[in-house]
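[1] My questions concern the predicted model and sequence given below.
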Amino acid sequence: MAVVGLLPFIVIGITTGAVYGLAGVGLVLTYKTSGIFNFAYGAVAALAVFVFYWLHTEHGMPWPYAAALCLFVLSPREGLVLDTDDRTIRRWLTDRLSEEAMPSRKSSPIRRAPSCALGAW
């Protein structure tokens, strides 16, 4: 009887631990691959959570539909928008740095390796 009373706490604990574990693995993976300690992916997930809450609570949408909408519609669009913004900003910075730093654009190391030159960005 005592184990049955603990079962909800065990399930909640395992779920919470899994979420924290995934967040930790994401931070370590980002840091090890780029050398930048980046919390931005948490903001991307937070937007999906807020939209899910808004759809489910404010508009009364059933949670499976709200979750599917957030996972299969919102998240891919958000990724495309952020990728497009990133490419636009990198292109603008690369052009600006190559014009200011080196007049000859053909021999510019920034032109050849923008990810190395703008690694801190």
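    Cool, the structure landed. Note that this is a predicted model, so its numbers are computed, not measured.
[2] pretty sure Phe37 contacts Val28?
    No: using CB atoms under 8 Å, Phe37 is not in contact with Val28; the gap is 9.7 Å. The way it works is simple: take the backbone N, C-alpha and C, and place the C-beta from them, glycine included.
[3] what about the strand or helix carrying Ile89, distance to the chain center?
    Assigned by DSSP states H and E, Ile89 belongs to helix 75-101. Helix 75-101 sits 16 Å away from the centroid of its parent chain (CA atoms, centre = their mean, to the nearest Å).
[4] buried set for that helix?
    Judged by neighbour count (16 or more other CB atoms under 10 Å), helix 75-101 contains these buried residues: 75, 78, 94, 97-98.
[5] ok, Pro64 - how many residues close by?
    Pro64 sits with 9 neighbouring residues when counted by other CB atoms under 10 Å.
[6] from now on call the first residue 257
    Right, with 257 as the first residue, what we last looked at is Pro320.
[7] Now the helix or strand where it lies: average pLDDT?
    When elements are assigned from DSSP H and E, Pro320 belongs to helix 319-325. Average pLDDT, helix 319-325: 96.
[8] Please name every helix or strand in contact with it.
    Contacts defined by 3 or more CB pairs under 8 Å, 6 or more residues apart in numbering; DSSP states H and E place helix 319-325 against helix 296-309.
[9] Let me see the domain layout of this protein.
    What automatic domain parsing lists as the domains of the chain is 257-294, 299-377.
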